[in-house]
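> heads up, no residue letters with this:
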């Protein structure tokens with residue numbers, strides 16, 4: 001089985017207080033974009049998980065895709081082994097959610113490949129055990145997420161027709177480090193009106209208004225060029241344009257909205 005594992009961008013991201021479990025309360029609106037990794041999953045005879053990747057990111061057992069597979073092994077008594085092959089296109093540590101997307105693709109793919117019959121709601125619960133961002137990649141449309149990110153509501157399905165430019169940052173930033181740096185700020189008030197205003201502009205459908213109302217609380221600790229916004233907690237930034245520029249700059253990728261966080265290419 002081969003799946004596309006798509007990136008996400010946060011159109012708006014509000015960071016709230018630290019919860020009792022150590023995570024932050026967040027309120028965010030995200031869309032999926034056509035920049036994606038490829039995840040190939042297949043059965044193997046020996047009962048083991050074999051993970052390979054075209055980029056040396058981390059030890060296999062620390063990879064979220066590996067953890068997703070192990071979670072299925074531990075809960076469903078899978079007798080065969082599983083080979084996972086990932087081809088990375090999404091930059092690592094850029095705030096685009098590549099690792100979480102890969103994990104969601106493995107959960108979704110194994111459910112289909114092994115005929116496990118896991119419901120969507122159950123799959124979301126499994127995903128939340130792997131990482132805060134993982135559940136959203138099992139959903140579709142333009143999403144409004146809260147809690148740790150696991151409370152998900154679909155605002156609508158389609159984003160206004162436009163191109164989305166993605167500029168990968170030069171520095172890899174871990175999510176954990178980004179939140180630690182943000183916590184050093186002196187924050188006295190929390191205002192969710194910016195997110196509500198952004199949601200209204202999305203429903204209205206004017207791309208210029210949406211662009212003007214995008215925001216990301218991490219921009220309080222990271223400078224970005226005028227007209228660009230952080231994609232998440234990492235260093236990548238995004239910008240909307242109405243027409244294709246036929247980009248020749250390899251550092252800037254031209255994308256568009258995708259409805260789903262993961263989808264099957266070939267069974």
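Looks like it came in fine. Bear in mind the structure is a predicted one, so any value in this text is a computation, not a measurement. Numbers count the residues shown, from 1 in each chain.
> following the least confident helix or strand in the chain by mean pLDDT, which helix or strand comes up?
Ranked by mean pLDDT, DSSP states H and E, the weakest helix or strand in the chain is helix 175-182, scoring a mean of 86. Per DSSP states H and E, helix 175-182 leads on to helix 193-204 as the next helix or strand towards the C-terminus.
> what's in contact with stretch 36-46?
Stretch 36-46 is contacted by residues 1-7, 50, 65, 80-90, 98, 101-102, 105-106, 109-110, 113, 258, 262, 265 when judged by C-beta atoms under 8 Å, 6 or more residues apart in numbering. The C-beta positions use only the backbone N, C-alpha and C, and glycine is treated the same way.
> do that again at 7 Å, thanks
For stretch 36-46, contacts defined as C-beta atoms under 7 Å, 6 or more residues apart in numbering pick out 1-7, 50, 65, 80-90, 98, 101-102, 105-106, 109-110, 113.
> Buried residues in the least confident helix or strand of the chain, which are they?
175, 178, 179, 182 (16 or more other C-beta atoms under 10 Å).
> Could I get the full set of strands for the stretch 1-150 of the chain?
2-18, 24-44, 49-53, 81-87, 142-147 (DSSP state E, counting those that start in this stretch).
> quick one: strands adjacent to the second one?
Pointing back at strand 24-44 there. Strand 24-44 has its sheet partners listed here by DSSP bridges as strand 2-18 (antiparallel), strand 81-87 (antiparallel), strand 142-147 (antiparallel), strand 257-258 (antiparallel).
> So for whichever helix or strand comes after the last one, mean pLDDT?
What that stands for is strand 257-258. Counting by DSSP H and E, the next helix or strand C-terminal to strand 257-258 is strand 262-266. Rounded to a whole number, the mean pLDDT of strand 262-266 is 96.
> Now do strand 262-266 against strand 2-18, angle only.
Relative orientation of strand 262-266 and strand 2-18, computed by axes from the mean of the first three to the mean of the last three C-alpha atoms, to 10 degrees: 170 degrees.
> Just the pLDDT at the residue nearest to residue 146 when sequence neighbours are not counted, thanks.
The shortest distance from residue 146 to any non-neighbouring residue, by C-beta to C-beta, 6 or more residues apart in numbering, is to residue 27 (5.2 Å). pLDDT recorded at residue 27 is 94.
> Minimum distance to residue 250: which of the strands of the stretch 1-150 of the chain has it?
strand 24-44 (13.6 Å; C-beta to C-beta).
> Report the buried residues of that closest one.
For strand 24-44, burial by neighbour count (16+ other C-beta under 10 Å) applies to 24, 26-33, 35-41.
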